[in-house]
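> Predicted model, plus sequence, below.
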Amino acid sequence: MEPLFAEEPTFTVSELNAGIGAVLSRAFPEELWVRGEIANISRPPSGHVYFDLVDGDCALAVTLWASDRQVVNAVLRRSGGAVRMTDGTEVRIRVRMSWYAKRGQVALRMLSIDTAYTLGRLAEARELLLRRLQAEGLLARQATLALAPVPLSIGLVTSDNSAAAHDFLQTLDASGFAWKVVLADARVQGVEAETSVLAALERLRSLSVDVVCIVRGGGARTDLAAFDSEAIARAIAGFPIPILTGIGHEIDTTVADLVAHRRCLTPTACAGALVERVSEWNARLHDRRRSIVRAALRAVDTTTLDRLTGQLAQRSPRAIDRASRRVDHVETRVRALDPARVLARGWSITRDEHGRLVRSTADVAPGAGLVTTVADGTVRSTADG
């Protein structure tokens, strides 16, 4: 009797796994470049790094052994610290692919990283977003909002108890002004940052604050990826209150910086900008107060003098007349004794070389220098022996 079905080869699990391994080794080189997004990264005490490389719904497990980590870290340092391996970062990495037959699993061993790819992807996405925001008129919307002249009430978006929060608050405290700060705690890097910052802004939207400040410390360019987020950029652009950023990265400017009312270089500088604004207003207030006081004093002095003069004229007009005549008499005598009038009549005045007046020949020694003043100048001479 013939079999119901034609005979087909039947593989054991080990045979199938071995066959897959052989196919993979023929289809792919031992080392290759692969790109995707980092997810679920972990750094246990062993020194190894584990993460998934994700592309849509597909993922492959990647291991960076401690022995290879030094090489990768050297590449990262050459980027100037601009790239860090964190969840959500797009990377192009050099790997060695292995097939574990016993577990039926492809394993990728990371050997190196292309930092230019990561930075290029960030720059490309940033540029496309800026073009969209510009076309919609969102880049300049925050700049049209009027910042309060005395912004003492502040909404602060940052990570609670962070160095950025400490620097910001310390700068405000040192000014001595009466600030009121509402802290909206938020994650400022990593895959949760976008959602967290958006939630913090939404909490502050309903509060009566003069200004909102978004601050964080410095870090790698990839650490700032959340602030190139389209969702955060649109939330800032559409916020009804002026927003200042102090994201702590002097070299690069994020999209959040560009849509904000004002960009400051650091959290300290952000707080300093508010202190400066309040100080300027305070100085103008003091100047105006002094001007008002001086004007009031002048008005009071003038009014008082006019009143006293009027009272004196009413009470003793003859006394004022007598005093005026005495003043005129004294003025006439002073003019008569004026040395200039005496010299004009032909008299002269002689002084020794020390400026002392010479009244007799005994006042000078032979050979001493003399200065004689006449009506139109001076004459120098020497005393005879």
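Nice, I can see it. Numbers count the residues shown, from 1 in each chain.
> now the strands for this structure?
For the chain, the strands defined by DSSP state E occupy 31-42, 49-55, 58-64, 90-100, 105-113, 153-158, 180-185, 211-215, 243-246, 262-264, 349-352, 369-374, 377-382.
> could the ones you listed go into CSV alongside mean pLDDT?
As requested, these are arranged in CSV below (pLDDT from 0 to 100):
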stretch, mean pLDDT
strand 31-42, 92
strand 49-55, 93
strand 58-64, 92
strand 90-100, 89
strand 105-113, 90
strand 153-158, 95
strand 180-185, 94
strand 211-215, 95
strand 243-246, 94
strand 262-264, 93
strand 349-352, 78
strand 369-374, 77
strand 377-382, 79
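> closest to residue 22 out of those strands?
strand 90-100 (8.9 Å; CB to CB). Using the backbone N, CA and C atoms, a C-beta is placed for each residue, glycine as well.
> follow-up on the earlier one: out of the strands of the chain, the one nearest residue 11 is which?
Closest among the strands of the chain, using CB to CB: strand 90-100, at 15.5 Å.
> Residue 67: neighbour count?
Neighbours of residue 67 under the rule other CB atoms under 10 Å: 9.
> so who does it touch?
Listed by CB atoms under 8 Å, 6 or more residues apart in numbering, the contact set of residue 67 is empty.
> Low-confidence ranges, the chain, go.
1-6, 249-250, 301-306, 308-321, 323-324, 327-347, 385 (pLDDT under 70).
> how about the helices in it?
13-27, 66-78, 115-135, 163-175, 193-205, 230-237, 255-259, 267-315, 317-336, 339-344 (DSSP state H).
> now what about the first one, what contacts it?
Contact partners of helix 13-27, identified using CB under 8 Å, 6+ apart, comprise 11, 97, 99, 101, 102, 104, 106.
> List only those of the residues you listed flagged as buried.
Among those, those buried by neighbour count (16 or more other CB atoms under 10 Å) are 97, 99, 101.
> I'd like to know which of these is nearest to residue 163.
residue 97 (41.5 Å).
> Now do the contacts for that closest one.
If you count contacts by CB under 8 Å, 6+ apart, then residue 97 has 24, 28, 30, 31, 32, 106, 107, 108, 109 around it.
> And the buried ones among those, selectable in ChimeraX?
Those of these that count as buried under 16+ other CB under 10 Å are selected in ChimeraX with:
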select :108
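> Out of the contacts of residue 97, which comes closest to residue 283?
Comparing these against residue 283 with CB to CB places residue 108 closest, at 63.1 Å.
> beta partners of that closest one?
residue 62, residue 97 (DSSP bridges).
> For it, give me its contacts.
Neighbour list for residue 108: 34, 53, 60, 61, 62, 63, 95, 96, 97, 98 [criterion: CB under 8 Å, 6+ apart].
> and of the residues you listed, the nearest to residue 149?
The nearest member of these to residue 149, counting by CB to CB, is residue 53 at 52.5 Å.
> what sits against the closest residue to that closest one other than its chain neighbours?
Computed as CB to CB, 6 or more residues apart in numbering, the closest residue to residue 53 that is not its neighbour in sequence is residue 36, at 4.0 Å. Listed by CB under 8 Å, 6+ apart, the contact set of residue 36 reads 53, 54, 55, 60, 90, 91.
> From residue 110, how far off is residue 36?
12 Å (CB to CB, to the nearest Å).
> tell me the domain ranges of the protein?
Domains of the chain are assigned by automatic domain parsing as 13-113, 137-278, 339-382.
> on that earlier part again, quick check: the farthest pair among the contacts of helix 13-27?
The distance between the two most remote of these (CB to CB) is 22.1 Å, for 11 and 97.
> Count the neighbours of the closest residue to residue 275 other than its chain neighbours for me.
Nearest residue to residue 275, sequence neighbours excluded (CB to CB, 6+ apart): residue 175, at 4.4 Å. A count of nearby residues for residue 175, using other CB under 10 Å, gives 16.
> Surely residue 175 and residue 278 touch.
Yes - counting by CB atoms under 8 Å, residue 278 is a contact partner of residue 175 at 7.3 Å.
> I'd like the distance from the closest residue to residue 177 other than its chain neighbours to residue 146, if you could.
Leaving aside its chain neighbours, residue 177 sits nearest to residue 278 (5.4 Å; criterion: CB to CB, 6+ apart). For residue 278, the distance to residue 146 equals 16 Å [CB to CB].
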